[in-house]
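[1] A predicted structure for the sequence below; I have some questions about it.
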Amino acid sequence: MLLRQSVIRGSRYPPLMSVRIGHGYDLHRLEPLQPEGDGRPFVLGGIEIEHDRGPVGHSDGDVLLHAVTDAILGAIGEPDIGKLFPDTDRRHEGADSSIFLMEACRRLRDRGLSIGNLDATIICEMPKIGPHTDAIRSHLADLLGCPIEDVNIKGKTHEGVDAIGEGRAIEVQVVVLVNS
């Protein structure tokens, strides 16, 4: 959504800034780590969290950074993360998802826009998100180049219902406001 106030000759009100909203969503299966330590570590918002399961994905499986990337790309009308960084491209295999987010941020800045605020809901049974929200918010704010106050993270559960509630998946929904 792009809001603009038309300039009326003699108006005492300044034009409104451009505001755009993007929504991002991602879901990854979680698989148990092997006793030998094999498997992908659980990384969320660029922060490694101790957990007995890890995400299944082509890159590092950071479901939060994927959803944030898609929210920003959506706000600026760009193709989604899967089109820009396809899982058929071996260059992205095991890649740090901050690379994808940094590209979305570059495209955002190239349009003269910046992050207004970001609100993310992380849905999983385990691990509990609450103890990690400060670290995740801080790291995400650094990646986005915005104050930590503009980044909100919430953890929710699925109350034991479906793959998420059974601990076999993690889901993230993100809304981002960008402005000029």
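    All right, it came through fine. Numbers count the residues shown, from 1 in each chain.
[2] which other helices and strands does the longest strand along the chain contact?
    Counting residues, the longest strand in the chain under DSSP state E turns out to be strand 19-32. For strand 19-32, the packing partners by 3 or more Cβ pairs under 8 Å, 6 or more residues apart in numbering; DSSP states H and E come out as strand 53-55, helix 63-75, strand 169-179. Where you see a C-beta, it was placed from the backbone N, CA and C, and this is true even at glycine.
[3] flag every buried residue along it.
    By 16 or more other Cβ atoms under 10 Å, the buried positions in strand 19-32 come out as V19, R20, G22, G24, D26, L27, H28, L30.
[4] so S98 sits right up against L64, yeah?
    No - counting by Cβ atoms under 8 Å, S98 stays clear of L64, with 10.8 Å between them.
[5] does H158 sit in a helix, a strand or a coil?
    Secondary structure, DSSP: H, G, I helix; E, B strand; the rest coil: H158 is coil.
[6] how close does it get to G22?
    For H158, the distance to G22 equals 24 Å [Cβ to Cβ, to the nearest Å].
[7] for the residue nearest to the spatial centre of the chain, which non-adjacent residue is closest in space?
    Taking Cα atoms, centre = their mean as the criterion, V68 is the residue nearest the geometric centre of the chain, at 2.2 Å. Ranked by Cβ to Cβ, 6 or more residues apart in numbering and with sequence neighbours excluded, the top spatial neighbour of V68 is V174, at 5.3 Å.
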